[in-house]
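A.B. asks: Everything below, folded, please.
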Amino acid sequence: MALLIVIAVVAGLVTAVSPCVLPILPIVLATGADGDRRRPYLVIAGLIASFSFFTLASVQIIQALHLPSSALRDAAIVVIAVFGLTLLVPALSRVWERVTARVPAVGVRLARPGVAGGLITGVGLGLVWTPCAGPILGAITSLAVTAPGSRSTIVLVVAYSIGAGLPLLAIALGGRAALARLHLRAASARAGQVFGVLVLATSGLMAVGADTAISADLTSALPDWTGALQTLERSNPVQSALSDLGVGSSSDQANGPIAPELSGIDHWLNSQPLTLAGLRGKVVLVDFWTYSCINCIRTLPYVESWYRDYGPEGFVVIGVHTPEFAFEHDAGNVAAAIARFGITYPVAQDNEYSTWQAFNNEYWPADYLIDASGHIRDTHFGEGDYLKTADEIRALLAEAGQVALPTPAASEAAPPFIAQETPETYLGSDRADSQAGSPGYPTSGATLFAFPGDLPDDDFALSGTFDVQPQYVSATQSGDRLELSFYARDVYLVMAADSPVPATVTVTGAPAVATEDVSADGSMVVGQARLYHLVHLDSPARATVTIAFSAPGARAYAFTFGG
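C.D. replies: Numbers count the residues shown, from 1 in each chain. So this is what the prediction gives:
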């Protein structure tokens with residue numbers, strides 16, 4: 001246990017200096033912008049207490065009060081916005097301190113102004129902060145769900161929170177010292193107003209969920225200096241200590257490993273928050289997916305049909321949506337995809353990969369079939385084997401005592417895999433490895449490209465000025481073109497644009513027909529971040545597809561294919 005406490009403190013320290021802290025950095029720095037020397041200490045104390053308490057009890061509070069899963073976060077955003085207003089308008093600060101001085105704490109009136117205000121601001125900060133989830137935080141979150149009142153859970157949560165709070169306090173005090181060194185203390189009112197604007201802007205980003213997306217983008221863009229810590233967290237001594245606490249890898253030789261608890265879930269859709277512990281007695285399918293993955297999309301009708309057919313018999317599906325691209329973190333985008341695909345079973349947003357890591361998963365899609373006693377009895381990665389999975393579901397339901405099961409519907413066989421089919425092709429600089437043409441691919445930045453004279457099979461090329469980023473390429477002017485040589489029957493491209501961008505799709509080498517996204521004349525519009533169906537052929541063939549953008553702003557992420 002002592003080893004875990006040390007690792008939890010170190011994990012908190014590293015988390016607080018990782019990119020995940022950047023969305024709340026303006027709020028932390030703002031705590032030192034006024035003349036109250038106590039405020040940074042009070043805010044960070046409130047953050048530590050809040051993060052500890054709500055990590056342990058937020059799920060239970062939400063369920064007991066029948067609140068929406070975002071209720072606590074929404075309330076915290078309001079508190080942070082009020083804090084920003086008090087910095088922007090000093091008169092409101094005095095009102096805020098008079099009001100909060102009347103808030104009782106442990107039955108005692110806080111007579112000194114500023115104490116309660118700082119603590120309440122810290123409580124709000126602890127509720128909205130989403131740390132980077134390594135194995136230790138995932139294990140702590142899992143323990144908090146499955147054993148919220150245990151001594152081990154409380155000690156580890158508090159240790160992690162203190163580790164995270166200390167660097168944040170140093171940042172707040174450092175910002176205060178910098179203001180003094182720059183002789184800005186005399187202009188503290190003006191500095192406070194500047195910070196007030198930043199805090200209000202931050203609360204606005206949080207209100208629309210953009211802070212999580214920003215954190216994800218920054219985590220992808222900046223160096224991974226937390227990798228060494230996560231290697232330590234995954235070491236055998238640490239994992240053995242976690243196993244002794246009942247996290248992750250406990251198993252039963254006869255029935256397979258115990259399924260790890262769902263942890264670090266950002267939002268629940270189609271359901272109130274669920275836990276695997278609370279679903280004991282039911283057969284559960286945990287399906288890892290992401291909404292722009294064509295392989296995942298093709299499995300969804302089967303998963304939905306199993307839920308529809310066997311749900312009344314005690315079968316539960318939990319779709320764990322773990323994003324591949326930054327835009328897939330957005331709850332609105334996920335909700336739109338759920339509606340588009342007709343998903344009715346519960347979906348959990350695993351934006352920080354906490355549940356993904358708990359299952360040691362590596363694939364989209366991936367299915368983990370869990371029996372009524374909580375053991376993982378079958379796993380399947382990728383498409384296909386639908387009849388086998390349906391038979392496994394029926395067998396586990398029968399094992400759990402369900403004897404009158406409905407007759408299984410005839411499942412359509414999965415389309416055959418084509419050996420020559422073009423592999424998934426990424427366009428962002430992080431994973432692009434099949435670009436042709438000139439110049440060579442930059443790591444980032446706007447670059448003028450030209451098509452090659454002859455495009456090699458399964459390669460892509462650009463023509464015009466594209467802004468290359470780690471996850472995507474973006475057209476910067478009208479007339480920019482993207483082309484790909486492929487062998488497949490269907491071609492899909494993950495794209496997005498902040499405002500509608502007209503485009504034209506041309507296929508050479510094989511006769512193509514209209515799709516749900518591209519009309520018969522080849523015209524289409526890029527808008528919402530999702531998978532676009534560019535090409536459909538009567539049969540698989542070698543061909544070239546060219547997309548010409550009629551305006552700047554379209555972002556292209558990855559090509560995927562179907563047989």
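A.B. asks: burial of the nearest residue to residue 496 once chain neighbours are set aside, as a residue count?
C.D. replies: Spatial nearest neighbour of residue 496, chain neighbours left out: residue 529 (3.4 Å); criterion: Cβ to Cβ, 6 or more residues apart in numbering. For glycine as for every other residue, the C-beta is placed from the backbone atoms N, C-alpha and C. Using other Cβ atoms under 10 Å, residue 529 has 22 neighbouring residues.
A.B. asks: contacting residues around residue 529?
C.D. replies: Taking Cβ atoms under 8 Å, 6 or more residues apart in numbering, we find residue 529 in contact with 292, 325, 327, 328, 330, 333, 494, 495, 496.
A.B. asks: The fifth one - how many residues pack around it?
C.D. replies: Think residue 330. Neighbours around residue 330, by other Cβ under 10 Å: 20.
A.B. asks: Quick check: closest non-adjacent residue to residue 30.
C.D. replies: Closest residue in space to residue 30, ignoring its immediate chain neighbours: residue 195 at 3.8 Å, by Cβ to Cβ, 6+ apart.
A.B. asks: Do I have it right that the one you found meets residue 39?
C.D. replies: No. Under the criterion of Cβ atoms under 8 Å, residue 195 makes no contact with residue 39, lying 11.7 Å away.
A.B. asks: now the closest residue to residue 260 other than its chain neighbours: how far from residue 320?
C.D. replies: Sequence neighbours aside, residue 358 is the residue nearest to residue 260 in space, at 3.9 Å (criterion: Cβ to Cβ, 6+ apart). As for residue 358, its distance to residue 320 is 10 Å (criterion: Cβ to Cβ, to the nearest Å).
A.B. asks: Overlap in contacts, these two.
C.D. replies: Residues touching both residue 358 and residue 320 by Cβ under 8 Å, 6+ apart: residue 262.
A.B. asks: Quick one: name whatever helix or strand follows the helix-or-strand element of the chain with minimal mean pLDDT.
C.D. replies: Among the helices and strands of the chain, strand 108-109 carries the lowest confidence by mean pLDDT, DSSP states H and E, at a mean of 39. Using DSSP states H and E, the helix or strand that follows strand 108-109 in sequence is helix 115-128.
A.B. asks: and that following helix, what does it pack onto?
C.D. replies: For helix 115-128, the packing partners by 3 or more Cβ pairs under 8 Å, 6 or more residues apart in numbering; DSSP states H and E come out as helix 25-30, helix 39-65, helix 71-88, helix 90-100.
A.B. asks: and those, which is most packed in?
C.D. replies: helix 25-30 (a mean of 22; mean count of other Cβ atoms under 10 Å).
A.B. asks: what pLDDT, on average, does that one get?
C.D. replies: For helix 25-30, mean pLDDT rounds to 80.
A.B. asks: about what we covered before: out of the helices and strands packed on helix 115-128, which is closest to residue 258?
C.D. replies: Residue 258 lies closest to helix 39-65 among these, at 19.5 Å (Cβ to Cβ).
A.B. asks: the inter-axis angle of that closest one versus helix 115-128?
C.D. replies: In terms of direction (axes from the mean of the first three to the mean of the last three Cα atoms, to 10 degrees), helix 39-65 departs from helix 115-128 by 60 degrees.
A.B. asks: Tell me what angle helix 39-65 forms with helix 71-88.
C.D. replies: Using the same axes, to 10 degrees: helix 39-65 against helix 71-88 is 150 degrees.
A.B. asks: next helix or strand past the top strand by length along the chain?
C.D. replies: Taking DSSP state E as the criterion, the chain has its longest strand at strand 530-549. Next along the chain after strand 530-549, taking DSSP H and E as the criterion, comes strand 555-562.
A.B. asks: What pairs with that next one, parallel or antiparallel?
C.D. replies: strand 425-426 (antiparallel), strand 473-475 (antiparallel), strand 481-496 (antiparallel) (DSSP bridges).
A.B. asks: Between strand 530-549 and that strand, find me the angle.
C.D. replies: Interaxial angle of strand 555-562 relative to strand 530-549 (the same axes, to 10 degrees): 110 degrees.
A.B. asks: tell me how far strand 555-562 is from the chain's mean position?
C.D. replies: Per Cα atoms, centre = their mean, to the nearest Å, the displacement of strand 555-562 from the mean C-alpha position of its chain is 20 Å.
A.B. asks: next one: stretch 273-293
C.D. replies: On Cα atoms, centre = their mean, the centre of stretch 273-293 falls 16 Å from that of its chain.
A.B. asks: So for that stretch, mean pLDDT?
C.D. replies: On average, stretch 273-293 scores 88.
A.B. asks: and if you look at stretch 297-304?
C.D. replies: The average pLDDT within stretch 297-304 is 87.
A.B. asks: Name the residues of that stretch that are buried.
C.D. replies: Neighbour counts over stretch 297-304 (16 or more other Cβ atoms under 10 Å) mark 297, 299, 300, 302, 303, 304 as buried.
A.B. asks: Only alpha carbons, please: show stretch 75-88 as CSV.
C.D. replies: Extracted C-alpha coordinates of stretch 75-88, given in CSV (Å, rounded to 0.1, in the frame of the first residue of the first chain):
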residue,chain,number,x,y,z
ALA,A,75,-22.9,24.0,-11.2
ALA,A,76,-19.1,24.3,-10.9
ILE,A,77,-18.9,26.2,-14.2
VAL,A,78,-21.4,28.7,-12.8
VAL,A,79,-19.2,29.1,-9.7
ILE,A,80,-16.1,29.7,-11.9
ALA,A,81,-18.0,32.2,-14.0
VAL,A,82,-19.0,34.1,-10.8
PHE,A,83,-15.4,34.2,-9.8
GLY,A,84,-14.4,35.7,-13.2
LEU,A,85,-17.1,38.3,-12.8
THR,A,86,-15.8,39.3,-9.3
LEU,A,87,-12.4,39.9,-10.8
LEU,A,88,-13.8,41.9,-13.7
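A.B. asks: Off-centre distance for it?
C.D. replies: Its chain's C-alpha centre and that of stretch 75-88 lie 25 Å apart, by Cα atoms, centre = their mean.
A.B. asks: Now stretch 282-298 - C-alpha only, PDB.
C.D. replies: Output of stretch 282-298 as PDB, limited to C-alpha atoms (Å, rounded to 0.1, in the frame of the first residue of the first chain):
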ATOM      1  CA  LYS A 282     -27.000  -9.700 -16.000                       C
ATOM      2  CA  VAL A 283     -25.000 -10.700 -19.100                       C
ATOM      3  CA  VAL A 284     -23.100  -7.600 -20.400                       C
ATOM      4  CA  LEU A 285     -21.500  -6.800 -23.700                       C
ATOM      5  CA  VAL A 286     -18.900  -4.000 -23.500                       C
ATOM      6  CA  ASP A 287     -18.400  -2.800 -27.100                       C
ATOM      7  CA  PHE A 288     -15.500  -0.300 -27.700                       C
ATOM      8  CA  TRP A 289     -16.200   1.800 -30.700                       C
ATOM      9  CA  THR A 290     -15.800   5.300 -32.200                       C
ATOM     10  CA  TYR A 291     -18.200   7.000 -34.500                       C
ATOM     11  CA  SER A 292     -15.900   7.700 -37.500                       C
ATOM     12  CA  CYS A 293     -14.500   4.100 -37.700                       C
ATOM     13  CA  ILE A 294     -16.100   2.300 -40.600                       C
ATOM     14  CA  ASN A 295     -15.400  -1.100 -39.100                       C
ATOM     15  CA  CYS A 296     -17.200   0.000 -36.000                       C
ATOM     16  CA  ILE A 297     -20.100   1.400 -38.000                       C
ATOM     17  CA  ARG A 298     -20.600  -1.900 -39.800                       C
END
